[in-house]
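> Need a 3D model of the sequence below.
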Amino acid sequence: MYCGEPQKVITCILPKGRAMPVLEVLAREHRLTALDIHYARGVGRITPLRHRGVGETSEKEVLTVTAPADEADAIFEVIYELAEINRPHGGLMFMHALQASTQFRLPELPEEA
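Next up, the predicted model:
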């Protein structure tokens with residue numbers, strides 16, 4: 001069942017340490033609330049680790065962002081710049097439509113000191 005406005009999901013696979021600063025900007029400046037970071041391990045196709053042997057991997061962060069469909073392209077560009085995807089070994093990102101969603105808004109709370 002579909003609820004609310006159309007949404008898109010942006011997924012980014014980033015080097016360790018890059019996801020949290022991006023998440024903080026998206027939450028603070030773009031008022032997004034459907035954000036998640038989880039962790040993975042992997043080896044890129046063209047990295048020094050690939051040639052060292054089987055089983056050697058590096059830590060990755062997976063940032064998942066749900067954004068309104070009409071804002072998704074702009075959010076994608078913001079993430080691309082903030083996460084430095086364009087640099088060598090900068091990670092990768094992709095976007096797809098979300099089939100169903102439920103509206104969720106956080107209550108307005110005062111800033112913590």
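
> which other residues reach the strand of greatest length in the chain?
What stands out as the longest strand in the chain, according to DSSP state E, is strand 58-68. With contact meaning C-beta atoms under 8 Å, 6 or more residues apart in numbering, strand 58-68 is reached by 5-20, 22-23, 26, 32, 34-43, 47, 49, 75, 79, 83, 91, 98, 101. Backbone N, C-alpha and C define where each C-beta goes, glycine included.

> Among the residues you listed, which are located in helices?
19-20, 22-23, 26, 75, 79 (DSSP state H).

> and the residues you listed, which are buried?
19, 22-23, 26, 75, 79 (16 or more other C-beta atoms under 10 Å).

> Quick check: the two most widely separated of those residues?
Pairwise distances across these peak at 14.7 Å for Ala19 and Ile75 (criterion: C-beta to C-beta).

> so what's the backbone phi/psi at the closest residue to Gly90 other than its chain neighbours?
Spatial nearest neighbour of Gly90, excluding adjacent residues (C-beta to C-beta, 6 or more residues apart in numbering): Glu84 at 5.1 Å. In terms of degrees, to the nearest 10, the main-chain angles of Glu84 are phi 60, psi 50.

> and Glu84, how many neighbours does it have?
Neighbours of Glu84 under the rule other C-beta atoms under 10 Å: 15.

> show me the contacts for Ala83.
12, 14, 18-19, 22, 63, 90-91, 93.

> I'd like those laid out as CSV, including distance to Glu112 and pLDDT.
Output for these, formatted as CSV (distance: C-beta to C-beta, whole Å; pLDDT from 0 to 100):
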residue, distance to Glu112, pLDDT
Cys12, 27, 96
Leu14, 26, 93
Arg18, 24, 93
Ala19, 21, 95
Val22, 21, 95
Leu63, 23, 97
Gly90, 32, 87
Gly91, 30, 90
Met93, 30, 96
